[in-house]
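1. Let me see the structure of the following:
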Amino acid sequence: MFSQLFGTYLVEKQIITKDEYRAAIEKQLSVRVKLGTIAIADGLLSEEDVEMINQLQMQFDKRFGDIAQEKGLLTAEQIDALLAKQGNPYMQFTQSLTECTELTATVIDKTLAAFQKEHGFSDADMTALKADDLDALIPVFACAANPLITELAGLVVRNINRFVSRDFYIGRIRHVKSLPYSALAGQKLTGSTNLCLALAEESSDQAFSLIAGNFSGVAQNDAIDTLDAVCEFINVNNGLFASDQSEHDKEFELEPVFAYKDQSVEGDFHILPIFIEDHKVTLVIADNDAVKPGTTPYHSSSNEKKVYEVSADAKGSILVVDDSRMSRVILKNLLEEEGYSVVAEATNGEEAVDMFEQHPVDLVTLDITMPKMDGIEALQKILAINADAKVIMITAAGQQSKVLEALKYGAKQFITKPFEKDVVLNSIKEVLGK
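-> Coordinates of the predicted model:
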């Protein structure tokens, strides 16, 4: 984040050109590889170990090294050695600048002093910035009267860094009453405090496409709806937040995600600008019921129920139910690659019940948080139709109480988003026995 923030400052002051800035950033990013990649190269971790840690990062708001140490895969000394090999962002960017521009280290240092003064950064802030220490930087950029807003903003920024792009920087949080946008994706949390988290694209600036493409991991030919994928990113963040807060005796329920186009957020809320690969997206966080994200919700044409032909040699027939097109695509691809046949897709609980009546299947994967009818109610209605129905619940982190309720009613298993291939397949095999 230091490189992008300082590099943008150099461009704004016309000290370097935009092309020189991009060249220096790309050179630095090609050098600063991920810890997992270095650990594999050093023979400390296997590819399977790294994949497992990456998946756990999507379920818990923890650093790569912290998870590796907790799992007994790396020692503190080994992690320190890997971090040293990864390099200091400030030194790397300084080197990249001197190689890609005519700037000298002396000029960079003098300009850095002016940059610090103009932004009002303390010496401690600069130390954190030079090290890209997001945990130390979030209170600097996202300080709000309600500490939950700062915590939620920090979680989103860390997950942008983990799962979307390392080529980003953020601005300072502001309190506003209105925000026009071209697209918005979000979700409300109810419970100990009512919160609303959303990402807004104020103009068609490609930031949503970057988030959707990098976070979903879905092939281009599967053509997921961009807003849908950003909604899932929000859902994962809210799930992690709810899970973290439950450890502090705070309970939150996740409401269905929402999306709007070409409207405005109105009310009393905070915004935090995030620049991903030079494309702007705005983080919106409210801690009150008065905020209105829009008036007319957007409905994706890809969010429609679908029916498919059953493969004669399939291991089993499955109904996939989720209001997220991205989640349905991922599950369908994963299941069909393993030899199962997805008979139909449904986008809410009402459709799920109708589909189950019309298309008897061996198994239903049923999302918990959906519009019109949630997964808990749909589960009860499906079991009323067939008491022997086999249902696996799909849930975001932080919905433990809902999971327990579903298991009490008769669900056979549950799977947590984001999906981990082995966990999904093992759960399917366990429930179907094949």
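
2. where's the residue in the chain sticking out farthest from the centre, which helix or strand?
-> Within the chain, Thr106 marks the point farthest from the mean C-alpha position, 39.6 Å out by C-alpha atoms, centre = their mean. Following DSSP states H and E, one finds Thr106 within helix 105-119.

3. on contacts alone, who are the packing partners of that helix?
-> Packed against helix 105-119 by the contact rule (3 or more C-beta pairs under 8 Å, 6 or more residues apart in numbering; DSSP states H and E) you find helix 2-12, helix 89-100. Glycine gets a C-beta too; all of them are placed from N, C-alpha and C.

4. one more time with 6 Å
-> Helix 105-119 sits against no helix or strand, with contacts defined as 3 or more C-beta pairs under 6 Å, 6 or more residues apart in numbering; DSSP states H and E.

5. buried stuff in that helix?
-> Using 16 or more other C-beta atoms under 10 Å as the test for burial, helix 105-119 gives 108, 111-112, 115-116.

6. hmm, who's touching the first helix or strand past that helix going along the chain?
-> Later in the chain than helix 105-119, the nearest helix or strand by DSSP H and E is helix 123-130. With C-beta atoms under 6 Å, 6 or more residues apart in numbering as the test, helix 123-130 has contacts from 2, 90, 116, 136-137, 140.

7. try 7 Å
-> 2, 89-90, 116, 121, 136-137, 140 (C-beta atoms under 7 Å, 6 or more residues apart in numbering).

8. Buried ones from these, can you make that a PyMOL selection?
-> In PyMOL syntax, the buried subset of the contacts of helix 123-130 is picked out as below (16+ other C-beta under 10 Å):
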select buried, resi 2+89+90+116+121+137+140
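
9. Extract the C-alpha trace of the helix holding Thr106 and format it as PDB.
-> Listed next in PDB are the C-alpha coordinates belonging to helix 105-119 (Å, rounded to 0.1, in the frame of the first residue of the first chain):
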ATOM      1  CA  ALA A 105      17.500   7.700  -3.600                       C
ATOM      2  CA  THR A 106      18.400  11.200  -2.200                       C
ATOM      3  CA  VAL A 107      15.600  12.900  -4.100                       C
ATOM      4  CA  ILE A 108      13.100  10.100  -3.100                       C
ATOM      5  CA  ASP A 109      14.000  10.700   0.600                       C
ATOM      6  CA  LYS A 110      13.500  14.400   0.400                       C
ATOM      7  CA  THR A 111      10.200  14.000  -1.500                       C
ATOM      8  CA  LEU A 112       9.100  11.400   1.100                       C
ATOM      9  CA  ALA A 113       9.500  14.100   3.900                       C
ATOM     10  CA  ALA A 114       7.100  16.400   1.900                       C
ATOM     11  CA  PHE A 115       4.700  13.500   1.400                       C
ATOM     12  CA  GLN A 116       4.600  12.800   5.100                       C
ATOM     13  CA  LYS A 117       4.000  16.400   6.000                       C
ATOM     14  CA  GLU A 118       1.200  16.900   3.400                       C
ATOM     15  CA  HIS A 119      -0.600  13.800   4.600                       C
END
